[in-house]
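**Q** here is a sequence together with a model predicted from it:
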Amino acid sequence: MRYQFFGNLIRGKISVSKLMEQGNELGIDLMAPAYNFMLFKIFSKNENDTEAVYDLRTKEDAIVEEVSSQFENMIVFHRVTEGYVLMIKAQNTEETIQVAKDYVAALTKRMKKEKELQWFAGIGHAVERLHNLSESYDSASKAFAYQYQSSGNEAVFFDKLDNEKIERAEDLQQVDFTKVNSESLEEFLKNGKEEAVHLFVEDYTKTLGKSNMDSFMFCQYMLINIQVGVMKFVEKMGVEKANIDRTFKDYKQQIAAVSTGEKAAEYIEELIIQAIRMRNERLGKKHSSLITEAKEFIVKNYQEETLSLSDVADQVGLSSSHFSTTFKQETGESFVEFLTSVRMDKAKEMLCFTDMKASQISYEVGYKDPHYFSYLFKKTQGCTPSEYRSRRM
């Protein structure tokens, strides 16, 4: 609902009164003398590290919440895979720019703690009317397009761009960066909701560029790549091949019939919706079996010191955040709690049936530090390893 509301704000296609009504339903006060948009995203310096990308989402949320809590009259929207949009409300247009500068300063200070991360922000042109929000957002998008020329940790203000740079920014928006890196599509397939598909595709195709979307050859190439990516995704999710073949049996003919960028976007929407429905059906039926598989994997590998939530999530084909939530919902305990429980059970077996020292058992059950093992054992079992052994003698 919030994501759809954001789409209505930036499209400028519905009345101000309707926007106000939708905002009130979501508890969002839109009233202000002036507005501006700031787009920003946090990146991992190692773009090829899949685990780092998954972990980044959680850290990004925490950083945004921490920094944004310092500012009033600011509305935060999450663009799923494309970072965040901050809608700044102020008493006048000059104040919106100052608020943006203050936010950048606070973000810069906070990001100094993150050695493996960098950020980029684009700040738009301030407007004084709600129905002009689309203009402010578009200008912020042009400034944000400079991320592709930036080495990171930088904010670009649209009002400081000269005409030549604005034209270059528009050109940058025509360049196809996403087809080279399908991360945003894959992440949306894993975590996106059906009601957010339209706006995601709108943003996705906009990033590809109008000139590319107007090219028949490019659209054909792009659709084939997306089609293959979607089919691989649902196959990885465990959907039966017969079901995949039946659902997408005529995709080559359907793609060949796409002649315009608009039709290409419609096809992508339908394709992603099908994939999300297949994903949800699979998860709805298979959550319990996925959790069983995850538990078996943990029991088999508990002795590995480096065993992480990401390792188990990859094993069952879910994102780290999705797996963490699902595991908690299905089992009533977190991944760490379950792993600790398994390790403690194995440790108790060894204490009862072997002569191994507690320090040796610590290594055997996945803890490099015997002191930490003893601390956890006492915390979870109510006694030290030696006390537990003596009671069982």
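**A** That came in fine, so what should we check first? Source: prediction; values computed, not measured.
**Q** from now on I want contacts and neighbour counts done on CA atoms only, so please keep to that.
**A** Fine.
**Q** list the buried residues of the host helix or strand of Ile97.
**A** Take DSSP states H and E as the rule and Ile97 turns out to sit in helix 93-111. The neighbour-count check on helix 93-111 (16 or more other CA atoms under 10 Å) flags Thr93, Glu95, Thr96, Ile97, Val99, Ala100, Tyr103, Val104, Leu107, Thr108, Met111 as buried.
**Q** please apply the same query to stretch 188-201.
**A** The neighbour-count check on stretch 188-201 (16+ other CA under 10 Å) flags Phe188, Leu189, Lys190, Asn191, Gly192, Lys193, Ala196, Val197, His198, Leu199, Phe200, Val201 as buried.
**Q** pick out the lowest-pLDDT one from those.
**A** pLDDT across these is lowest for Asn191, at 82.
**Q** for that residue, which residues are in contact?
**A** Shown in contact with Asn191 (CA atoms under 8 Å, 6 or more residues apart in numbering): Ser319, His322.
**Q** same check, this time on the one 3 residues further on
**A** Contact criterion CA under 8 Å, 6+ apart gives Ile273, Ile276, Arg277 as the residues in contact with Glu194.
**Q** try 10 Å
**A** With contacts defined as CA atoms under 10 Å, 6 or more residues apart in numbering, the neighbours of Glu194 are Glu269, Ile272, Ile273, Gln274, Ala275, Ile276, Arg277.
**Q** before we move on, what about Leu283?
**A** Taking CA under 10 Å, 6+ apart as the definition, contacts of Leu283 comprise Met237, Gly238, Val239, Arg277, Ser289, Leu290, Leu318, Thr326.
**Q** do that again at 6 Å, thanks
**A** Contact criterion CA atoms under 6 Å, 6 or more residues apart in numbering gives no residues in contact with Leu283.
**Q** can you list the low-confidence ranges for the stretch 101-250 of the chain?
**A** 148-149, 162-182, 217 (pLDDT under 70).
**Q** show me where it has helices.
**A** Taking DSSP state H, counting those that start in this stretch as the test, the helices found in the stretch 101-250 of the chain are 133-144, 163-172, 183-191, 197-208, 210-213, 216-236, 241-247.
**Q** can you tell which of those is closest to Arg79?
**A** Arg79 lies closest, by CA to CA, to one member of the helices of the stretch 101-250 of the chain: helix 197-208, at 8.1 Å.
**Q** so the closest one versus helix 216-236, what angle?
**A** Between helix 197-208 and helix 216-236, the angle formed by their directions is 130 degrees, by axes from the mean of the first three to the mean of the last three CA atoms, to 10 degrees.
**Q** and helix 197-208, what does it pack onto?
**A** If you count contacts as 3 or more CA pairs under 6 Å, 6 or more residues apart in numbering; DSSP states H and E, helix 197-208 packs onto no helix or strand.
**Q** got the angle between it and helix 133-144?
**A** Using the same axes, to 10 degrees: helix 197-208 against helix 133-144 is 40 degrees.
**Q** now helix 197-208, how far from the centre of its chain.
**A** Taking CA atoms, centre = their mean, to the nearest Å, the mean C-alpha location of helix 197-208 is offset from the chain mean by 15 Å.
**Q** would you mind getting the angle between it and helix 183-191?
**A** Going by the same axes, to 10 degrees, helix 197-208 makes 170 degrees with helix 183-191.
**Q** remind me, longest helix of the chain?
**A** The residue-count maximum for a helix in the chain (DSSP state H) belongs to helix 261-301.
**Q** in what helix or strand does the nearest residue to Met74 once chain neighbours are set aside lie?
**A** Distance criterion CA to CA, 6 or more residues apart in numbering; nearest residue to Met74, sequence neighbours excluded, is Ile88 at 4.8 Å. Take DSSP H and E as the rule and Ile88 turns out to sit in strand 84-90.
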